[in-house]
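1. the following comprises the amino acid sequence and a computationally predicted model.
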Amino acid sequence: MTTVHEPRTSPEVGGIGHSVRRKEDDRFIRGAGSYMDDLNLPGMLHMAILRSPVAHATINSIDSSAAMEIEGVLAVVTGEALAAHGLAWMPTLSGDTQAVLATDKVRFQGQEVAAVIATDPYIAHDALSHIDVDYEELEAITTPQQSLATSTLIRDEKEGQTDNVAYTWEAGEQDSTDAAFAAAARVVSLDTHYPRSHPAPLETCGVVADVNSITGQATIYMTSQAPHAIRTVFALVAGLPEEKIRIVTQDIGGGFGNKVPVYPGYVVATAASLLIGKPVKWIESRTENLISTGFARDFHMHAELALDGSNRITAMRAGILSDQGAFFSDAQPTQFRAGLFHICTGSYDFPAAHVTAKGAYTNKAPGGVAYRCSFRVTEASYLIERLVDNAAREVGMDPADFRALNFIREDQFPYLSPTGFVYDSGNYHGAMDKAKEMIGYDGWRDRQAEQNSDPDASKLIGIGVASFTEVVGAGPSRQYDILGLKMFDSAELRIHPTGKAILKLGVQTQGQGHETTFAQIVAEELGIPYSDIKVMYGDTDNTPYGLGTYASRSTPVGGAATAVVSRKIRAKAQKLAAHLLEAAEEDLDWEPGKFTVKGTDQSVTIQDVAFAAYTNHPVGMEAGLEGVTYYDPPNMTYPFGTYIVVVEVDTGDGTWKVLEMVAVDDCGVRINPMIVDGQIAGGLTEGFAKANMQWITFDDDGNCIGSNFMDYLVPTAWETPRYQLGETVTPSPHHPIGAKGVGESATVGSPAAFTNAVIDALWSRGVSNIDMPVLPHRVWGALNGVEVSP
Amino acid sequence: MYPSAFEYSAPGSLEEALATLAELGDEGRVLAGGQSLIPMMKLRLAAPGHLVDINGVNELAHISESNGHLAVGALARHADVASSEAVSRHNHTLASAAPWVSDPLVRNRGTLCGSVAHCDPEGDWNSVMLAVGASVVARSSSGERVIPITDFIVDFFTNSLDSGEMVTEVRIPAYQGSAGGAYLKLERKVGDYATVGVATHLVLDGSGNVAEAGLGLTAVYGHNLKVTEAEDMMVGQVPGPELFAEAAAIAASACDPDDNVRGPAEYKRAVVAEYTRRGFAQALAQARGEG
């Protein structure tokens, strides 16, 4: 194990390991950030979108004549109008198609039907109610089970589509898995639904599209986590020349995966600006964001574990049915049709696994974005951690002991998993031991035994454990691409003559702190104070190409690119230093910020070298001190950790509260420990939300329940448990600075810990599963043997 | 979130406000805290023609004790009620309910009278008012009425105000004897409406028996529900777990909750019973000076 990283640099330089304050917070906490709705261009018009009130209907006609008569309305855009330009449909990130504005049918409540362009946002919204759409309602298909059973074809417009299956996929090996199950001493199974949720970023989606009718230059200011990829997609979809497309993101008020896809609003606003010749702004309302943009999860999961006579896991089977909504638009690497769900063997060492997945179209919003998640690893982690917890209790073992018995051992890394992942490094026992010690595990077990033994106890104690393994940092180019774009990432670093620097990134912050963290990587590598390094991103004309920020890939890929480009520059700096010191290169020692001639006190600083690069470079060497790196990671990184939660369940009303929670995370080397802690606390809270209160559901007619913050619940400080955070440090062996990525670990790992805690409390009362959200009425129903729905 | 167009007036006195309301008739809507009205307007669920903003009518901001009752004026915010010493001295049920109303932001702006007038069956205050036997003072340009809360609440989002009338005050009678009360609310998070809310009110006579009982339920009926049968049954009885269980059973059968995402009816009835027992137990402890 693994010690906490001691900073190599001074606090002023602020390299790796320093909890320096976030540079960007100065403007954020003063209300001086610049979000999409803050942008106003001269002559700008406003767009509002008319959405379908029903989940499934044929559109007989659209009459927008009354809307056009309203003063200030310039245009009403319909699917028919877009079709004339070949823009009524667009490709999704999973190779399906998605309606931009509906032409033939609407296929989910909230689907985009028409758009009003007006001089004022109020007028645009007023005009919506004057568009007359004649809908002929069809049966709404609201579950994937119903979808696979019905003869109603949801995607009847799609050539070759004869059923409601969006995709099928499998991983692992069936034969060896079947053999292991046939030989098993015991089989443990679980059926569970990971409910539909929504990233619900604080800032909704929006765009200001500014197409110059004279030059043809399209400047599109938009809320995107992947601006470069979006530029290429726009070029391919709209046929615009790519050099005339500039995507600018400004500050983004949270993304969490929601701002990866291209949404119809972006496309319609751009088309409208192109046709009208003026800038067009579209800002989504909260309800529009929740009912129409990328949802997450919605996996119906069945899984089984085979155990031998000594309680070792020998194999796993998992079968998934995913609810994709009306269009298959998962944001995920193209090769993997169910994302990285096949990481579902988790932290455990066993030889055989087989995973099958099938997606079904339904009359619900499309999406399948990875909400603070690396492509379905959240569902995978939940499944295995729920399953091992139940298995432990079924065989009469303590859940922590059962895990420890089956963990991959530290000496087995790099570890080839039965579904083909190569885990880079780990110390699962170390994280478990630390978490148990921090929470006082044995003491809680004693208290639980005492309190729960009373058959009339009104409060039951439960202890939940989750030992997750994540897979982040997509990814190696041979396996990871989105629509053919390889998932490398980039960094360009220029050192100015005065020793200050600008770092340009292909990744895209949405509040994670890139302006600080990435400056700290340069500070570590070159010894230039982090405060002297400006970090730039999110303007495709002025940053190198990259695939953006999601799936915890910024540090594993963009961070690696930053370290590598810094090292390239250091190599040139060493030549310059040798020139300045009149010494041989190999006679120089490096410490952050300074070259010294071995055995002497003669030295030059990195700032001296930078100045020389522009004022005194040797004959035969190019001037300047800058470079660019495109980093293709050799492998994914595999953060892990153990979370332990103690809850108390009120048997009278079914409510539960967290009494204590410990989260031990190992994300390799921590660049800025304060930012890491912040990421973990936020992720734990999002995990708690899912376990405790948060989901999007639909009634039988396909009406979305969860269309505003009264129904889609986001915890406040009041509900949020207090967390104790711990760490172990197991560096990634293949990452230049040993870092693994941490933005999503806690969202991935914590939901199972919370659910396991409640089930642990109720197990002796005969309860083995409650699906998330573990709502009070579900707990009460489980305790009282009453079927509750939903 | 763009509301429909509306007119706006901001009168500086009660007389001016009443005159404006009289002139506007059904077009006029009073804007006090706006914590229900404005969200409904933003969602275009409400489109009032003319808002009469009474936030400048400072004479309505009072919380005062007089003539055997506590008076809460139309501009008293939930937060004012929550922090009022007069309220905590005067009535345990009110004091217990105030911190449960929505979240701190809403409590800082929203008003008790506005919530009472809104008659949302998921609102907390009307259950309290039903339990404690409050009355509502309504004013118009032509005079004043004092309306018992049972007559004021007509139905789902419907009160008995006439056109041109506004609520200026809610009155809560003073305790006559040893008394206590509680408001227990099951909510999914801070700021949520109640899944179930139960307001209890208990006054003891000199021998320790029940002199007066009040029981109001939130979110389990078409409007806030006063469980008169349970209240009447309890009078004259010896308070304790058996009596409270009997009241709980009556409450559970008197309510008529919906099945929805907050749970099935059967569950809500169970919570009504549970919280009725717990609420009266708290009320009794307070009445006996143990709470």
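-> Great, that's in hand. In this text, all values refer to a predicted model and were calculated from it rather than measured experimentally. Numbers count the residues shown, from 1 in each chain, chains lettered A, B, ... in the order given.

2. now do the helices in the stretch 101-250 of chain B.
-> With DSSP state H, counting those that start in this stretch as the criterion, the stretch 101-250 of chain B has helices at B:104-109, B:112-118, B:125-132, B:149-152, B:228-234, B:241-254.

3. buried deepest among those, which one?
-> helix B:125-132 (a mean of 31; mean count of other C-beta atoms under 10 Å in any protein chain shown). For every residue, glycine as well, the C-beta is placed using N, CA and C.

4. now for that helix, which elements pack on it?
-> Applying 3 or more C-beta pairs under 8 Å, 6 or more residues apart in numbering or on different chains; DSSP states H and E, we find helix B:125-132 packed against helix B:92-97, helix B:112-118, helix B:149-152, strand B:166-173, strand B:178-186, strand B:196-204, strand B:210-218, strand B:225-226.

5. which one of the ones you listed lies nearest to chain A?
-> Closest to chain A of those is strand B:178-186 (C-beta to the nearest C-beta; 5.8 Å).

6. what about the residue nearest the centre of chain B, distance to B:Ala247?
-> Central residue of chain B (C-alpha atoms, centre = their mean): B:Trp125, 1.9 Å from the mean position. Applying C-beta to C-beta, to the nearest Å, the value for B:Trp125 to B:Ala247 is 22 Å.

7. same question, B:Leu130
-> When B:Leu130 is compared with B:Ala247 (using C-beta to C-beta), they lie 15 Å apart.

8. residues of chain A that sit close to chain B?
-> A:48, A:121-122, A:125-126, A:285-287, A:652-655, A:693, A:697, A:705, A:708, A:710-711, A:713-716, A:718-719, A:775-777, A:780-781, A:784, A:786, A:788-790 (C-beta under 8 Å from any C-beta of the partner chain).

9. and the residue nearest to the centre of chain B, what pLDDT?
-> The per-residue pLDDT reported for B:Trp125 equals 98.

10. and the chain, what are its domain boundaries?
-> Unless you meant another one, I'm taking chain A. Domain assignment for chain A by automatic domain parsing gives A:25-33+A:489-631, A:36-138+A:204-252+A:259-292, A:296-474+A:635-781.

11. if you could check chain B rather than the one you did, that'd help
-> B:7-53, B:58-173, B:178-287.

12. got TSV for the ones you listed, with distance to A:Gly265 too?
-> Compiled in TSV, the domains of chain B are given as follows (distance: least, C-beta to C-beta, whole Å):
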stretch	distance to A:Gly265
domain B:7-53	19
domain B:58-173	29
domain B:178-287	28
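
13. quick one: residues contacting A:Arg186.
-> Each residue near A:Arg186 by C-beta atoms under 8 Å, 6 or more residues apart in numbering or on different chains is listed here: A:Ala306, A:Leu307, A:Glu394, A:Val395.

14. go again with 10 Å.
-> Counting by C-beta atoms under 10 Å, 6 or more residues apart in numbering or on different chains, A:Arg186 makes contact with A:Leu305, A:Ala306, A:Leu307, A:Asp308, A:Gly309, A:Asn311, A:Ala391, A:Glu394, A:Val395.

15. what count of nearby residues applies to the residue in the stretch 251-400 of chain A positioned nearest to chain B?
-> Chain B sits closest to A:Ser285 of the stretch 251-400 of chain A, with a gap of 5.2 Å, by C-beta to the nearest C-beta. When neighbours are defined as other C-beta atoms under 10 Å in any protein chain shown, A:Ser285 has 18 of them.

16. mind checking pLDDT for it?
-> So A:Ser285 comes in at 96 (pLDDT).

17. number of residues surrounding the closest residue to chain A within the stretch 1-150 of chain B?
-> In the stretch 1-150 of chain B, the residue that lies nearest chain A is B:Tyr2 (4.2 Å; C-beta to the nearest C-beta). Residue crowding around B:Tyr2 was assessed by other C-beta under 10 Å; the count is 18.

18. let me see the ranges of the helices in the stretch 201-350 of chain A.
-> Per DSSP H, counting those that start in this stretch, the stretch 201-350 of chain A carries helices over the ranges A:227-238, A:264-276, A:286-292.

19. on that earlier part again, of the contacts of A:Arg186, which is the most crowded?
-> The contacts of A:Arg186, ranked by neighbours (other C-beta under 10 Å): first place A:Leu305, 28 neighbours.

20. helices of the stretch 351-500 of chain A, start to end?
-> Taking DSSP H, counting those that start in this stretch as the criterion, the stretch 351-500 of chain A carries its helices at A:377-394, A:399-406, A:428-439, A:441-452.

21. return the most buried member of these.
-> helix A:377-394 (a mean of 26).

22. show me what it is packed against.
-> strand A:186-197, strand A:296-307, strand A:313-325, strand A:337-340, helix A:399-406, strand A:459-469, helix A:673-692, helix A:745-762 (3 or more C-beta pairs under 10 Å, 6 or more residues apart in numbering or on different chains; DSSP states H and E).
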